[in-house]
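S.K.: Fold the following.
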Amino acid sequence: MCDYTITGSCLSAGWFTLDGPTSGTANGVGHFFINYSLDDNTSTTPQSCTLNINGAIFTVTQDGCTSEFDAPTSANVPASGGNGDFDIDSYAPCAWSLSYNCPWVSLGSTSGSGDATINFTALPNQDQTQRTCIITITGGDTFTITQPGCTPPTVATGSYGPLCSNGNLITLAGSPTGGTWSGTGVNGNQFDPGAGTQTLTYTVTQNGCTGSAQTTIVVNSATSWYEDLDGDGDGDPNSSIEACTQPPGYVGSNTDPCPALANLENGDLCDDGNPNTVNDVVTNCIGAGTLLDDDCEGVPGGSAQPGTACDDSDVCTINDVYDANCVCAGTYQDTDGDGTCDAQDGCPNDPNKIAPGVCGCGVADTDTDGDGLADCVDPCPALANLENGDLCDDGNPNTVNDVVTNCICAGTLLDDDCEGVPGGPAQPGTACDDSDVCTINDVYDANCVCVGTYQDTDGDGTCDAQDGCPNDPNKIAPGVCGCGVADTDTDGDGLADCVDPCPALANLENGDLCDDGNPNTVNDVVTNCICAGTLLDDDCEGVPGGPAQPGTACDDSDVCTTMCTMPTVYALAPTRIPTVTAPAMHRTVARMTRTRSHPGFVVAVLPIRIQTVMVLPIA
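M.R.: Numbering: from 1, shown residues only. The predicted structure is shown next:
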């Protein structure tokens, strides 16, 4: 019988529970058990306490909790952006937080406790450079998100010119459609020619990535050209047109004083071709002489002389005067030269129209698309019965969502999938088969390469698909004992321990006769897999048949040992301070045992609720 008392810091620790009284009396001979349990440690800091049992110190240390990322610890997202998730393993309900410095990544949550699955979203990468986001969890473990740079579109423009500064508006076109034009003289996709060398830029943005191309247009300055009616190389200052090249019948000089009289000006002597006149001279740019007799109206010496005003009764003429033959004639006025005189021409300055029509003078009533609506009032002159925003058909079977934009019917090209099918289902991130039996979860990556995750659960170098024991790192086939149990043959009798009735005794089982190697025993037999016989003679003190048998009380002549003294503590080598270390997660129970043959404590730590039992010997 032995009295005991338990004290120490563990009794006041909130995470330690002693499953029994702190003092008492152990009766009888044998072992006395003291049980205790531990709560989960939800802090990352280890904690410890001590127990004092009749002077013997027992130390309990519990690890701090930890959190880490579950494999895989990295993810790839396409340049166009995407979503994903990762798993957090937390040992015990451990509090954790996530930190990162990537504005293009957003997380569903950045803090919590215990196991968790966290969703993430990556924005499109509008830069052509690959970028990486590293997420760090409390304790230092990391998860990496990698996103490639975007690919800018290939942009092309048409070529134009050279043009004239007085020319019509030019419609600009670029590839791919949907871009914007910029530069001097640009309004939408129209270019108004201005003199000089103009550089125009066409810019297209697709999937957040921008590309551009330029075209250079030479615009020549229009100059004034003057009509040379008399062919003397000097033009009429009152009759001119603007053009970049010299039109037929026009010259660059405008100093002809009498445009209808070659090389003559007012006051010059001339020949009016009338034999009935004298003193022919140029007057008001008309060569005429003085009639010898009546004036042009039959009045002798009258005022109706050649060169004076008259009315020829023709609405198509102006500046009517009597010529040298007294014929009243005017100048036919057809400013635009279209064959209809100005007086009868509704558009006297437009050589292509004699009436304003729908578009007015200077603008042709052209109907390019033949839809009955003149180009000047047609929202899209080249597309019959269509305007911007209308659905249309661009004739390309590989486009969708065809719509009129900037008066061009165009759709969005379908991208080829990873198998080369336009708009097909084999897109990055979708399932595929990489033909490797050792991988799972095969998907196309951002480069359309079909890859899976190599699966080797037990890490023995043989993939699960080819491993007969995928959860046993020491076996790739079940063998005799099955997965998880080694085919060990301790006694070398050719029978594995798992099916050997006595693994330590070769070719023996309970009840078999044997030889225990002791010449002082008889009737040797296997019992509980131990070969032992019956002693022939004396007891432990040399008395034949005496009471000093194994297991009975004796005196070891050591004054330092008594029935009521705590046993000296041993592990494999003697130590006076037994220590048990428990994991942070789950309630912990362990057992300490003292035996007579090996004094001390034996500590067992179990992976789940582990109960610790200290065993006291009782003589």
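S.K.: CA only for contacts and neighbour counts going forward, please
M.R.: OK.
S.K.: Check what pLDDT the closest residue to Gly179 other than its chain neighbours gets.
M.R.: In space, Gly179 comes closest to Val204 once its chain neighbours are excluded; the distance is 4.3 Å by Cα to Cα, 6 or more residues apart in numbering. What the model reports as pLDDT for Val204 is 92.
S.K.: Val204 against Gly178, yeah?
M.R.: Yes: look at Val204 against Gly178 with Cα atoms under 8 Å: they come within range, at 6.8 Å.
S.K.: Bridged to Ala288, which residues?
M.R.: Val281 (DSSP bridges).
S.K.: circling back: helix, strand, or coil at the residue nearest to Gly179?
M.R.: When classified by DSSP: H, G, I helix; E, B strand; the rest coil, Val204 comes out as strand.
S.K.: Send me stretch 491-511 as PDB with only the CA atoms.
M.R.: Provided in PDB are the C-alpha atoms of stretch 491-511 (Å, rounded to 0.1, in the frame of the first residue of the first chain):
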ATOM      1  CA  ASP A 491      11.900 -16.300 -37.200                       C
ATOM      2  CA  GLY A 492      13.000 -17.100 -40.800                       C
ATOM      3  CA  ASP A 493      10.700 -20.200 -41.000                       C
ATOM      4  CA  GLY A 494       9.300 -19.200 -44.400                       C
ATOM      5  CA  LEU A 495       6.000 -18.000 -42.800                       C
ATOM      6  CA  ALA A 496       5.300 -14.300 -42.700                       C
ATOM      7  CA  ASP A 497       4.600 -12.900 -39.200                       C
ATOM      8  CA  CYS A 498       1.100 -11.900 -40.200                       C
ATOM      9  CA  VAL A 499       0.100 -15.600 -40.600                       C
ATOM     10  CA  ASP A 500       2.700 -17.200 -38.200                       C
ATOM     11  CA  PRO A 501       1.100 -18.300 -34.900                       C
ATOM     12  CA  CYS A 502       4.400 -17.600 -33.100                       C
ATOM     13  CA  PRO A 503       6.400 -15.100 -35.200                       C
ATOM     14  CA  ALA A 504       9.500 -15.300 -32.900                       C
ATOM     15  CA  LEU A 505       9.600 -19.100 -32.700                       C
ATOM     16  CA  ALA A 506      10.600 -20.900 -35.900                       C
ATOM     17  CA  ASN A 507       8.200 -23.700 -36.900                       C
ATOM     18  CA  LEU A 508       6.400 -23.600 -33.500                       C
ATOM     19  CA  GLU A 509       3.000 -22.700 -32.100                       C
ATOM     20  CA  ASN A 510       1.300 -22.700 -28.800                       C
ATOM     21  CA  GLY A 511       1.200 -26.300 -27.300                       C
END
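S.K.: Which positions in it come out as buried?
M.R.: Within stretch 491-511, the residues that count as buried by 16 or more other Cα atoms under 10 Å are 491, 495-498, 500-506, 508-509.
S.K.: Ok, stretch 101-112 next?
M.R.: For stretch 101-112, a neighbour-count test (16+ other Cα under 10 Å) marks 105, 107 as buried.
S.K.: same check, this time on stretch 397-410
M.R.: Buried, per 16+ other Cα under 10 Å, within stretch 397-410: 399, 402-410.
S.K.: So which of those is the closest to Asp367?
M.R.: Closest approach to Asp367 among the buried residues of stretch 397-410 (Cα to Cα): Cys407, at 14.9 Å.
S.K.: if I look at the closest one, how far off is Gly233?
M.R.: Relative to Gly233, Cys407 is positioned 48 Å away (criterion: Cα to Cα, to the nearest Å).
S.K.: what's the answer for Thr136, then?
M.R.: As for Thr136, its distance to Gly233 is 89 Å (criterion: Cα to Cα).
S.K.: Likewise for Cys49?
M.R.: 121 Å.
S.K.: same question, Thr171
M.R.: 39 Å.
S.K.: Please apply the same query to Asn507.
M.R.: Asn507 is 136 Å from Gly233, where distance means Cα to Cα.
S.K.: List the contacts of the nearest residue to Ser182 once chain neighbours are set aside.
M.R.: The spatially closest residue to Ser182, leaving aside those adjacent along the chain, is Thr201, at 5.3 Å (Cα to Cα, 6+ apart). If you count contacts by Cα atoms under 8 Å, 6 or more residues apart in numbering, Thr201 has them with 181-183, 212-215.
S.K.: and the residue nearest to Asn76 when sequence neighbours are not counted, what are its bridge partners?
M.R.: Of all residues not flanking Asn76 in the chain, Thr146 sits nearest, at 4.9 Å (Cα to Cα, 6+ apart). Thr146 forms beta bridges with Asn76, Thr132, as assigned by DSSP bridges.
S.K.: All further residue positions should be reported with the first residue as 21.
M.R.: Understood, numbering begins at 21; the last thing we discussed is Thr166.
S.K.: quick one: pLDDT of Thr166?
M.R.: Thr166 carries a pLDDT value of 97.
S.K.: Neighbours of it, how many?
M.R.: Number of residues near Thr166 (other Cα atoms under 10 Å) recorded here: 17.
S.K.: residues contacting it?
M.R.: Contacts of Thr166 by Cα under 8 Å, 6+ apart are 94-97, 150-153.
S.K.: make it 7 Å
M.R.: By Cα atoms under 7 Å, 6 or more residues apart in numbering, Thr166 lies in contact with 95-97, 151-153.
S.K.: Let's see if you can find the most crowded of those residues.
M.R.: Neighbour-wise, these (other Cα under 10 Å) top out at Val97, 22 neighbours.
S.K.: For that one, which non-adjacent residue is closest in space?
M.R.: Nearest one to Val97, counting by Cα to Cα, 6+ apart, is Gln167 at 5.2 Å.
S.K.: so how far is Glu285 from the one you found?
M.R.: 85 Å.
S.K.: One more: Val383?
M.R.: Going from Val383 to Glu285 by Cα to Cα gives 39 Å.
S.K.: Ser129 too?
M.R.: Going from Ser129 to Glu285 by Cα to Cα gives 98 Å.
S.K.: And Ser43, by the same measure?
M.R.: From Ser43 to Glu285 the distance is 147 Å (Cα to Cα).
S.K.: What of Ile73?
M.R.: For Ile73 relative to Glu285 (Cα to Cα), the value is 143 Å.
S.K.: which of the two has more neighbours?
M.R.: When neighbours are counted by other Cα under 10 Å, Ile73 and Glu285 differ, and Glu285 comes out ahead with 21 against 17.
S.K.: give the contact list for the more buried one.
M.R.: For Glu285, the contact set (Cα under 7 Å, 6+ apart) comprises 277-278, 302, 305.
S.K.: May I see the residues you listed organised as TSV, with secondary structure, neighbour count and distance to Val125 added?
M.R.: What follows is these, written out as TSV (DSSP: H, G, I helix; E, B strand; the rest coil; neighbours: other Cα atoms under 10 Å; distance: Cα to Cα, whole Å):
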residue	secondary structure	neighbour count	distance to Val125
Pro277	coil	18	82
Cys278	coil	22	83
Val302	strand	22	93
Cys305	coil	18	87
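S.K.: and the two most separated of those residues?
M.R.: Largest pairwise distance in these, by Cα to Cα, is 11.0 Å, between Pro277 and Val302.
S.K.: ok, how many other residues are close to Gly440?
M.R.: Counted with other Cα under 10 Å, Gly440 comes out at 10.
S.K.: Point out where the stretch 421-570 of the chain drops to low pLDDT.
M.R.: 564-565 (pLDDT under 70).
S.K.: Now do the residue nearest to Val500 when sequence neighbours are not counted against Pro523, distance only.
M.R.: Spatial nearest neighbour of Val500, excluding adjacent residues (Cα to Cα, 6+ apart): Asp507 at 6.3 Å. According to Cα to Cα, Asp507 and Pro523 sit 12 Å apart.
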